[in-house]
Structures are given as structure tokens and as C-alpha cells.
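Visitor: here's my sequence, what's the structure:
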Amino acid sequence: MTKTMTKYQLEHYKQKVKRQFDPMIDEQELLVKQYKTEATDKAVDKLSKKIGADKIINKFRQAEKMLKEARASALTFFEKKKPKDQELDYNFRNPDRYKDELSLSDCESQLRSWAENLAQREIERRPEGLKLKQLKDLKVKAIDTVMEAGAPEQLSMALDKVSQKIGLRWDQDLQVIPNFKK
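Guide: Model (predicted):
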């Protein structure tokens, strides 16, 4: 008869899964952030030209005395160009309240928000984004394994198989710390 695991044992296994996967996921997320930032910066310029927002933004930069007219143009422009599945930023959603306060930075922020979504989709197609997704999927698989296990012996073997996919061993021996005095 196999012995069932206690809540504390399950919690221990879940924490160990997190200790193994989280550093690698964090590292991969940093790498992906770097690419996302670069891709977003490039996408802002391209998207700005593609949808015509650069004309609106240049109006803001060039015409102080036409600011009220430029704000009205920007509000109309972004309302018409917004993707159907996305919301506009806060200042755009309340045009009656913020129409006289709409600024160049609001337009640039809205444009950057849209470009960030485009960049995120692009990053997911890159090898770094795929690796991050795989690591997260493996972590979920490991946690599922912990929660579905019936006995500690089976769990250790199952988690060892999952851990091997990221180049680790579940039950790894700790090495002696160099220069450690007893």
C-alpha cells in the first residue's frame, strides 16, 4: 500500500519546482524584455508612419496656437484608428472631461501602447520567446505533477523527468563548498 503525501510534502515539492524553474524563467524574461524594448522602439516609428499618427504628433510639436484644434484632431484620429479589441488610454476614453487636456505625450503613449502589443506578438515568434513559453509550460507541468502525485517515490521520479528537460536533476547532490572549514 502506498503512503499518501501530506499537504506539507506537496507544498515542499511545489516550492522546489519554483526554485528550479524561476531563476531560468526570470533570466529568459530579462532577455525577452531586451528584445521587446528594441522591437517596441522600432515598431513605434513604423506604426506611427503606417497609421498616420506622425502627422498628428508633428502638429502638436509645431503649432502652439493651434493646440485646441490639434487636440480635437488627435481625439478623433485615435478613436477611429483604435483596434477593435483594445481600449484607448484613460485620457482618450473620457473626451468630454479631457479634451482640453489632451497632450502630445498622451498621443505618444497611446501609440507606444499599440506598438508594444505588436512587439509582444513578434517576440513570441522569436527563439527567446518560444524558450520562455516552453519554460513556463514545463513549470506548470511540474506543479501539476506535484498536485496529481499519489506517493513521494513516484513524484520524485516524475519530477526528475521534467527537470531533465531543462538540464537539471531533481535529486541533485550538493557539492562541497570550497574553503569551508568544519
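Visitor: for the chain, what helix or strand is lowest in average pLDDT?
Guide: Counting by mean pLDDT, DSSP states H and E, the chain has its least confident helix or strand at helix 95-98, which shows a mean of 57.
Visitor: contacting residues around the helix or strand following it?
Guide: Counting by DSSP states H and E, the next helix or strand C-terminal to helix 95-98 is helix 104-123. Residues outside helix 104-123 that contact it (CB atoms under 8 Å, 6 or more residues apart in numbering): 32, 35-36, 39-40, 42-44, 47-48, 53, 56-57, 60-61, 74, 78, 83, 86, 88-89, 91-92, 129. From N, CA and C alone the C-beta is placed, and that goes for glycine too.
Visitor: also stretch 41-61?
Guide: Residues external to stretch 41-61 that are found in contact with it (CB under 8 Å, 6+ apart): 66-67, 70, 73-74, 77-78, 81, 103-104, 107-108, 111-112, 114-116, 118-119, 122.
Visitor: mind showing which ranges of this protein have poor pLDDT?
Guide: For the chain, residues meeting the criterion pLDDT under 70 lie at 1-2, 60, 63-67, 69-70, 90-100, 172-182.
Visitor: same thing but at 50, please
Guide: 180, 182 (pLDDT under 50).
Visitor: so which residues of it form helices?
Guide: All helices of the chain, identified by DSSP state H, fall at 7-51, 53-62, 67-81, 90-93, 95-98, 104-123, 127-148, 152-164.
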